[in-house]
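Asks: Fold the following for me, if possible:
(one chain, ligands or ions: 2)
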Amino acid sequence: MDNLKAELLRGLWYVACPGAEIKAGAMTGRKLMGELVLIGRDRHGKVFALRDICPHRGIPLRHGWFDGEHVQCCYHGWKFDTDGACVDIPSTHEYQTIDYSKITCGAYPAVEQQGLIWIYFAEKGEKPEDGRQPAPPLLPDFAADQGPSVAIMQPFVCSVDHAALGLMDPTHAAFVHTSWWFKKNGAKLRPKEKVFEPSELGWAMVRHKIPPQNIAYRYLLGDNVTTEISYRLPGLRIEHIKGDRHCVVGLTTITPVTEDETEVRQLFWSTIGWLKPFNPLVRYLMNVFLDQDRRVVIQQREGLEYNPKLMLINDADTQGRWWMQLKREWATSQAEGRAFDNPVKARTLRWMS
Ligand code: FES
Ligand SMILES: [Fe+2]
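Replies: Numbers count the residues shown, from 1 in each chain. Ligands and ions are numbered 1, 2, ... in the order given. Take a look at the predicted model:
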C-alpha cells in the first residue's frame, strides 16, 4: 500500500454527486478518478456524463454552453449530444463533407438512483451490463426515486485507502469524535464484540439488536431496533437501522478525485416524515463529525509524506485489512479475467472503544 496514492479500481459504479446538485439544462465539470468528467441533466431531466475534454483541441467542455440538448465547446463551437457524439462543426464549409459520426468526446454510463448520480468507470471500455457490476447498489427500504433528506460532502486530502481505513476503523472515535455532547476526551473505553460475515463486494457487521436503553432509537424507530453496517467496493458504508415503525439509512461514499484526493459524502434517508424540520440540525451534526475525520487526515498527511511503514493490528484494523484484500482481489481477478472471490471469511472481532 502506497502511503499517499491509492490504486483506483475500475469496472465499478462510483457516486458522483447528489442529483439535486444538477438542475435540468445545467452541466458541471468535476474531476473524478483522475479524469475530467462533465455531468449534466438534459431538458427532460435525464442525467449524462461526458469526458470533459473537447476532441478538437482539448479544452474542457464545461467552459462552453449547454442548451438542455447539446453541449457546445467555447473554443470553436463544436456541438455534442448527451451521448458524446459530435453533431455540428460550425467551421464546416458547404464544399466540405465531414462524417460527424466518427467524432465523439466520449461518454460515461450514468444513472440517477435514490437521489444520487452514479457514474461507471469501465475497465476496458465495456458497458456496465457486460462488466461485473451491471448496476449501482440499491439501498434497502427506499424507493428508487427517493432521495436523501440530508447530504453533505467534504474534500479529504488523502487517498481513498486512508479515507476508507478511517471510515471502517472502530477505535478512533474516542479520540477524534469528541465533543461535550457526544464523547468526552479520555472517556472510558468499553469492550466491543461484533460478528462479521462476507456480503456482496465486501462484508457486513451482522444485524444485531440495539440495546433498549438507547431511548432515542426507540422513540424514533419503535421497538426491536436492529442495525446492520456493511462495507463494499469501491468505497461505500451502508448503515441500515430499523425498528417496528421506521427505518433510517446512513450512507458514506468515498469517491476518488485523483489517486491522492478524495470526496467523502454522507447521506441520510429516513421514513420519519416529521424529522424534516430537524434536517438542518442533522446536517450540522454530520458536518461536525465528518470535519473531525477530515482534520485528522490533514495531520496524518504530514507524516505520510515521509513514507513511513504503517501497521494494521488485530482486531481493531482487521476491517482495514479486509479492505486492502478486497481491492487486491478485485484488481487481480479482473486482470486474470475470472470471477471475483470474496476474500472475507465470517468471524467475530473484538476491540475496545
Ligand atoms: S477546442 Fe473545442 S471546438 Fe475547438
Ligand atoms: Fe470518523
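Asks: For the rest of this, base every contact and every neighbour count on C-alpha atoms.
Replies: OK.
Asks: Pull out the buried positions in the lengthiest helix in the chain.
Replies: In terms of residue count, the longest helix belonging to the chain (DSSP state H) is helix 279-304. Neighbour counts over helix 279-304 (16 or more other CA atoms under 10 Å) mark 282, 283, 286, 287, 290, 291, 293, 294, 297, 301, 304 as buried.
Asks: how deep is residue 93 tucked in, by neighbour count?
Replies: The burial count assigned to residue 93 is 9, neighbours taken as other CA atoms under 10 Å.
Asks: Could you look up the SS state of it?
Replies: Judged by DSSP: H, G, I helix; E, B strand; the rest coil, the three-state class of residue 93 is coil.
Asks: ok, back up a step: and which of the buried residues of helix 279-304 is nearest to residue 32?
Replies: residue 294 (18.7 Å; CA to CA).
Asks: give the contact list for the closest one.
Replies: Counting by CA atoms under 8 Å, 6 or more residues apart in numbering, residue 294 makes contact with 154, 155, 156, 157.
Asks: Ignoring the adjacent residues along the chain, who's closest to the last one?
Replies: Here the nearest residue to residue 157 in space, its sequence neighbours aside, is residue 261; by CA to CA, 6 or more residues apart in numbering that works out to 4.9 Å.
Asks: Could you do the first one as well?
Replies: The shortest distance from residue 154 to any residue other than its chain neighbours is 5.5 Å, reached at residue 264 (CA to CA, 6+ apart).
Asks: same check, this time on the third one
Replies: With CA to CA, 6+ apart as the measure, residue 262 is the residue that lies nearest to residue 156, at 5.1 Å, once sequence neighbours are left out.
Asks: could you pull out the helices for the chain?
Replies: Counting by DSSP H, the helices of the chain are 160-167, 173-176, 215-221, 279-304, 318-336.
Asks: Could you say which one of those comes nearest to residue 104?
Replies: Taking CA to CA, helix 318-336 is the member of these nearest to residue 104, at 27.3 Å.
Asks: which of the residues in that closest one are buried?
Replies: Residues 318-327, 329-331, 334 are the ones in helix 318-336 that count as buried (16+ other CA under 10 Å).
Asks: Which one of these is nearest to residue 129?
Replies: Taking CA to CA as the measure, residue 334 is the one of the buried residues of helix 318-336 closest to residue 129, at 15.2 Å.
Asks: Tell me what angle the longest helix of the chain forms with helix 160-167.
Replies: Between the direction of helix 279-304 and that of helix 160-167, the angle (axes from the mean of the first three to the mean of the last three CA atoms, to 10 degrees) works out to 120 degrees.
Asks: Including mean pLDDT and distance to ligand 1, could the helices of the chain go into a markdown table?
Replies: What follows is the helices of the chain, written out as a markdown table (pLDDT from 0 to 100; distance: least, CA to the nearest ligand atom, whole Å):
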| stretch | mean pLDDT | distance to ligand 1 |
| --- | --- | --- |
| helix 160-167 | 96 | 32 |
| helix 173-176 | 92 | 47 |
| helix 215-221 | 90 | 54 |
| helix 279-304 | 96 | 37 |
| helix 318-336 | 97 | 35 |
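Asks: Adding distance to residue 97, write the ones you listed out as JSON lines.
Replies: Output for the helices of the chain, formatted as JSON lines (distance: least, CA to CA, whole Å):
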{"stretch": "helix 160-167", "distance to residue 97": "47"}
{"stretch": "helix 173-176", "distance to residue 97": "64"}
{"stretch": "helix 215-221", "distance to residue 97": "66"}
{"stretch": "helix 279-304", "distance to residue 97": "54"}
{"stretch": "helix 318-336", "distance to residue 97": "42"}
